[in-house]
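Peer 1: Mind looking at a prediction? Sequence and model below.
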Amino acid sequence: MPADARTREQLEWIAEEVTEAGGDASIWLSQPATHGQERELARRMADARAEEYTAVTAEAAAHAGAKDRRRVADRLRAELRRIDRRDYFPPPERDTAHAAVRALHEAAVRADEEVRP
């Protein structure tokens, strides 16, 4: 995980919880030995998030005409927030997934407006 303030705070919080529960915890900081290793780590992390974003995009597309698209859009928006919190090296699929969920939500809003007199 990147050594940013957010990550460090989360790890410190977890270590404190473990210690309060009677366990032992410590935080170790490390870095890749070479730039190549660093690039490979970033690529693997981006690839993992890309797969998650692709799954969200596919699910949004699969529910484009569904009656429950509002519920699905809300769930996918929450899923995107969870993915975004772990996305330190955003792949291009991120923007595609956000656009697909936004379009699904907008379609649900339009459908709701058409039903109302």
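Peer 2: Received the coordinates, thanks.
Peer 1: residue contacts, Val72?
Peer 2: Glu59, Ala60, His63, Ala66, Leu104 (C-beta atoms under 8 Å, 6 or more residues apart in numbering). (C-beta placed from N, C-alpha, C; glycine too.)
Peer 1: Check Glu38 too.
Peer 2: Shown in contact with Glu38 (C-beta under 8 Å, 6+ apart): Gln31, Pro32.
Peer 1: Quick one: mean pLDDT for the biggest helix by length in the chain?
Peer 2: Secondary structure of the chain per DSSP state H: the longest helix is helix 35-62. Taken as a whole, helix 35-62 carries a mean pLDDT of 97.
Peer 1: what angle separates the next helix or strand after that helix from helix 35-62?
Peer 2: Next helix or strand after helix 35-62 toward the C-terminus (DSSP states H and E): helix 69-85. Inter-element angle recorded for helix 69-85 and helix 35-62: 170 degrees (by axes from the mean of the first three to the mean of the last three C-alpha atoms, to 10 degrees).
Peer 1: Tell me the confidence at the residue most central in space within the chain?
Peer 2: Centroid-nearest residue in the chain: Ile83, 0.8 Å away (criterion: C-alpha atoms, centre = their mean). Per-residue pLDDT puts Ile83 at 98.
Peer 1: Kindly tell me how buried the residue nearest to it when sequence neighbours are not counted is, as a neighbour count.
Peer 2: Nearest in space to Ile83, with sequence neighbours left out and distances taken as C-beta to C-beta, 6 or more residues apart in numbering, is Glu52 at 4.9 Å. Glu52 has 19 neighbours, counted by other C-beta atoms under 10 Å.
Peer 1: just Ala33 next, same as before
Peer 2: By the measure other C-beta under 10 Å, the count of residues near Ala33 is 8.
Peer 1: gap between it and Leu41?
Peer 2: Per C-beta to C-beta, to the nearest Å, Ala33 is found 11 Å from Leu41.
Peer 1: One more: Glu51?
Peer 2: The value you get for Glu51 to Leu41, if C-beta to C-beta is used, is 16 Å.
Peer 1: Equivalent analysis for Ser30, please.
Peer 2: 11 Å.
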